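Novice: could you work out the structure for the sequence below:
(one chain, ligands or ions: 1)
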Amino acid sequence: VSGSLDDAAGRARRTYDAASDHYDAEPLGFWARTGRLTVERLALPHGAVVLDAPCGSGASALPAAAAVGAEGRVLAVDLSERLLALGRAKAATAGLGNVEFRQADMRELDLPEASLDAVVCVFGIFFVPDMATQVRRFWRLLRPGGALAITTWGPELLEPGVSAFWDAVGAVRPDLERAYNPWEGLVTPGGLRGLYEEAGIDGAEAELVEDEQPLRTPDDFWAIVLGSGYRATTDALQPDERERVRRQTLDVLAGATAVRTPAVHGVARAPS
Ligand SMILES: C[S@@+](CC[C@H](N)C(=O)[O-])C[C@H]1O[C@@H](n2cnc3c(N)ncnc32)[C@H](O)[C@@H]1O
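Specialist: The predicted model follows:
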C-alpha cells in the first residue's frame, strides 16, 4: 500500500495511526455504537460474506463477524495499521476467527465482482474524493440481493465541542484553517440517497439516527479530539500551542454534559 498512497490517503493513514492511542477510549464509544447499529439494521444472515471498509479498529467488523457466525466471513480493510492491530486484538479476545483485518486502500481492492453478501462503510465514504465512483466499486462487489450500507455523520457533529475547538485553534494559530467537512453534503437522508443515485443505484433508504456522547468531564472531549480526525490539527500545533487550544476549548465546554453524534444510515439492496 505504502508506495501507491496519494496525499489524502497518506494523510488519513498518518492521522489515524496517531489517533489509535485514543480511538477506543471510553469517550469515543460512538464508533462502536454506530458500527453496531449499522450492522443490526442489515440483519445479516448466518454464513454471509461481508466487506467492511474502512474498518478502523473494528466498530462494525466485529459485530458483523458475530452476526454471520462461523460459516460466514468478514474482510475488514483500512489504511491504518495501528487501528487494524487494535481490531485484531479485539477479535482474538472475542474468539472471532472469521474476521480478517487487512491493510488496503478501499479504492484498490482486488476482490471478484458479485462475491459478497454485504458491504459496510461507516464514516469512510467521504475520504474518497470521487465518492460516487467508490459507491459503484462497492456495488459491483455485491451478489444479487446483497446490501450496501453506508453510514455518514448527521448535522452538527460533536457540537458544541467542535466549534469551541476551531475557535481556539483560530485564536492560537489563525493560519490553520477550519478544515472543510467532506461529509457536508451527506448529513441528511436526502443527501445520502442522492449519493446512491449519483452512483446509479435506485431505491436506497436512508434515516437520520440521533445520538449523543456523554461527557463525564470536558476532558472527555479532548480525548475525542485526539482519537479522531481532529488529531491531524492538534499534531500540527507546537506543544505550547496545543496546550492553549486544549485549555481554551475545555474552558468553553465547562458545564457541557454531551456532544452530538448523529449519524445517517443508508442501505440499498442489489436486485435478486
Ligand atoms: C472515521 S474512521 C472510521 C472507521 C470505522 N468505520 C469506524 O467507524 O470506527 C475513517 C477511517 O478511514 C480510513 N481510511 C481513509 N481513507 C482510506 C482509504 N482510501 N482506504 C482505506 N481506509 C481509509 C482511515 O485510516 C480511518 O481509519
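Novice: touching, Glu71 and His46? I think so.
Specialist: Yes: at 6.0 Å, Glu71 and His46 qualify as touching, with contact defined as CB atoms under 8 Å. All C-beta spots, glycine's among them, are computed from the backbone N, C-alpha and C.
Novice: how about the residues of this protein by the ligand?
Specialist: 9, 12-13, 16, 31, 35, 54-56, 59-60, 77-80, 83, 105-107, 122-124, 127 (CB under 6 Å from any ligand atom).
Novice: if you set the cut-off to 8 Å instead, what comes out?
Specialist: 8-9, 12-13, 15-17, 23, 31-32, 34-35, 52-60, 77-80, 83, 104-107, 121-124, 127-128, 151, 228-229 (CB under 8 Å from any ligand atom).
Novice: those residues in helices, which ones?
Specialist: Taking DSSP state H as the definition of helices, the residues of the chain next to the ligand contribute Ala8, Ala9, Ala12, Arg13, Thr15, Tyr16, Asp17, Trp31, Ala32, Thr34, Gly35, Leu83.
Novice: give me the neighbour count for the nearest residue to the last one once chain neighbours are set aside.
Specialist: Closest residue to Leu83 apart from its sequence neighbours, by CB to CB, 6 or more residues apart in numbering: Ser57 at 4.6 Å. The local packing count at Ser57 equals 29, with neighbours defined by other CB atoms under 10 Å.
Novice: ok, Ser57 - contacts?
Specialist: By CB atoms under 8 Å, 6 or more residues apart in numbering, the contact set of Ser57 is Ser20, Tyr23, Asp24, Trp31, Leu83, Leu84, Leu86, Gly87, Lys90.
Novice: and for Leu75?
Specialist: Contacts of Leu75 (CB under 8 Å, 6+ apart): Val50, Leu51, Asp52, Val99, Glu100, Arg102, Leu111.
Novice: same thing but at 10 Å, please
Specialist: Contacts for Leu75 (CB atoms under 10 Å, 6 or more residues apart in numbering) come out as 49-53, 55, 61, 99-102, 104, 109, 111, 116, 119.
Novice: who's in contact with the closest residue to the ligand within the stretch 1-150 of the chain?
Specialist: Relative to the ligand, the nearest point of the stretch 1-150 of the chain is Gly56 (2.8 Å; CB to the nearest ligand atom). Counting by CB under 10 Å, 6+ apart, Gly56 makes contact with 16, 19-20, 23-24, 31-32, 35, 76, 78, 80, 83-84, 86-87, 122-124.
Novice: at 8 Å what do you get?
Specialist: Gly56 touches Tyr16, Tyr23, Trp31, Asp78, Ser80, Leu83, Gly87, Val122, Phe123, counting by CB under 8 Å, 6+ apart.
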